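> Provided below are the primary sequence and the corresponding predicted coordinates.
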Amino acid sequence: MGKKVKVKLDKELYQKIEKVAEVAGYSSPEEFVIHVLEKEISQFEGADSEEEIKKRLKGLGYIS
């Protein structure tokens with residue numbers, strides 16, 4: 001992969017991520033988070049413009 005960076009999360013959210021990652025069989029919470037983010041980002045691949053990305057975000061209910 002590429003260079004690693006840190007992201008700050010609320011402790012409560014991280015605890016939920018740990019629980020879900022364990023139950024789902026991921027090797028770590030980080031692996032689970034990477035998988036979820038890659039899955040979400042893949043929905044925007046092929047978008048040619050900022051407007052297309054906004055349209056897709058609206059369609060997914062992320063923005064109004």
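Thanks, I have it.

> centroid residue for the protein?
With distances taken as CA atoms, centre = their mean, Leu37 lies nearest the centre of the chain, 2.3 Å away.

> tell me the spacing between it and Glu31.
Distance from Leu37 to Glu31, counting by CB to CB, to the nearest Å: 11 Å. Using the backbone N, CA and C atoms, a C-beta is placed for each residue, glycine as well.

> could you look up the SS state of Tyr62?
coil (DSSP: H, G, I helix; E, B strand; the rest coil).

> which SSE is Leu57 in?
helix 50-59 (DSSP states H and E).

> give me the distance between Lys6 and Glu31.
Applying CB to CB to Lys6 and Glu31 gives a distance of 16 Å.

> compare neighbour counts for these two and give me the winner.
When Lys6 is set against Glu31 and neighbours are counted by other CB atoms under 10 Å, the residue ahead is Glu31, at 13 against 5.

> distance of the closest residue to the more buried one other than its chain neighbours from Gly46?
Leaving aside its sequence neighbours, Glu31 sits nearest to Ala21 (CB to CB, 6 or more residues apart in numbering; 7.0 Å). Separation of Ala21 from Gly46 (CB to CB) stands at 29 Å.

> more neighbours, those two?
Using other CB under 10 Å, the more surrounded residue of Ala21 and Gly46 is Ala21, with 19 against 8.

> tell me the SS of the more buried one?
helix.

> show me what contacts it?
Ser28, Pro29, Glu31, Phe32, Val33 (CB atoms under 8 Å, 6 or more residues apart in numbering).

> now those: which count as buried?
By neighbour count, with 16 or more other CB atoms under 10 Å, those hold Pro29, Phe32, Val33 as buried.

> can you count the residues close to Gly59?
There are 10 residues near Gly59, going by other CB under 10 Å.

> gap between it and Phe44?
11 Å.

> what of Lys58?
12 Å.

> do the same with Gly2
18 Å.

> quick one: which of these two has more around it?
Phe44 (12 against 4).

> by mean pLDDT, flag the weakest helix or strand of the chain.
helix 50-59 (a mean of 86; mean pLDDT, DSSP states H and E).
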